[in-house]
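Visitor: next input, structure requested:
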Amino acid sequence: MFGRTKTNWVAMIFLSIGSLCILFPIYMAIMVSLKNPQELAQSVLGFPTQIHWGNFQQAMAVTHYFHTFLNSLFITFFAVVLTVLTHSMVAYAIARNMQKRFFRYLYNYFFAAMFVPFPILMLPLVRQMSHLGLADRVGLIILYIIYGISQNVFLYVGYLKSVPLELEEAALVDGANRWRIFWSVVFPLMAPMNATVAILTGLWAWNDFLLPLVMLSNPNQYTLPLVQYAFQSQYSTNYSLAFASYLLALLPMVIVYIFCQKWIVNNVTKGAIK
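Guide: Numbering: from 1, shown residues only. Okay, here's the model as predicted:
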């Protein structure tokens, strides 16, 4: 009993420390965003003597919030949808043909690609996309799909190993072809892993700063993380407006999680158990 209680207390301590590490930056961002520069110079973490909601209005005006929000939504939506559709099909083809040498080599290639640092590939990829005339939102979406394929195929193949082959064999007996079997039988069974891949891809595409920075040259196509540069000048940074803008960029994902919390947790948990 004592050992179990001690273990629980240790777990609680680590969870509390982890929670503080997450909550403290959020608290700091809220406090900074509600102050003017004069109050911020006196105290960063203290409560503001007067709440300046105008910081959020000004941040939205400077960053053209709704326009950049739609840009981020467009890129994230298509990156997620196309990633789930294409990567699941690639993984299915590999998982059901692992006895063939080509597909084993292909799987090992994707597995090895996970260990290649992205900065090594970034500039050649961006240069190639520029030569193809895809240095825009479409090219950015393609890069998200391409670079995420190694990790996602690894996840999908591992999950597909737990899907019974008898279900597909029964569908074959009923006259269904491979295309019909995948979409009508296998793809619905992959819902937990689809949710996991969608969440990972969505968070990456929504919060990414580096790829939009090197891919998007047209300011009208900038995403929410990229427009944060608007608050940084050569000699100073307006931290109140910058942190207000950070919170505005974070808000959509928080709202999505609040309304989809049960579905996200259930599907990710099922994917982890599988």
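Visitor: where does the stretch 151-274 of the chain have low pLDDT?
Guide: 233-236, 261, 263-274 (pLDDT under 70).
Visitor: how does it look with 80?
Guide: Scanning the stretch 151-274 of the chain for pLDDT under 80 picks out the ranges 229-238, 257-274.
Visitor: all helices for it, in order.
Guide: 165-173, 178-181, 187-189, 191-207, 210-215, 239-273 (DSSP state H, counting those that start in this stretch).
Visitor: what's the closest of those to Phe118?
Guide: Judged by CB to CB, the one of the helices of the stretch 151-274 of the chain that comes nearest to Phe118 is helix 210-215, at 8.1 Å. Where you see a C-beta, it was placed from the backbone N, CA and C, and this is true even at glycine.
Visitor: now do the buried residues in the closest one.
Guide: Neighbour counts using 16 or more other CB atoms under 10 Å place 211-212, 214-215 of helix 210-215 among the buried residues.
Visitor: what do you get for stretch 130-139?
Guide: 134-135, 137, 139.
Visitor: likewise for stretch 143-156?
Guide: Residues of stretch 143-156 classed as buried: 143-145, 147-156 (neighbour count, 16+ other CB under 10 Å).
Visitor: and those, which is closest to Ala59?
Guide: The closest of those to Ala59 turns out to be Tyr144 (CB to CB; 26.4 Å).
Visitor: list phi and psi for the closest residue to the closest one other than its chain neighbours.
Guide: Leaving aside its chain neighbours, Tyr144 sits nearest to Ala79 (4.2 Å; criterion: CB to CB, 6 or more residues apart in numbering). Backbone geometry at Ala79, expressed as degrees, to the nearest 10, gives phi -60, psi -40.
Visitor: thought Ala79 was touching Tyr147?
Guide: No. Under the criterion of CB atoms under 8 Å, Ala79 is not in contact with Tyr147, lying 10.6 Å apart.
Visitor: what about the residue nearest to Tyr144, distance to Asp208?
Guide: 10 Å (CB to CB, to the nearest Å).
Visitor: comparing those two, which residue is more hemmed in?
Guide: Taking neighbours as other CB atoms under 10 Å, Ala79 and Asp208 compare with Ala79 leading, 25 against 21.
Visitor: just the pLDDT for the more buried one.
Guide: Ala79 is assigned 96 on the pLDDT scale.
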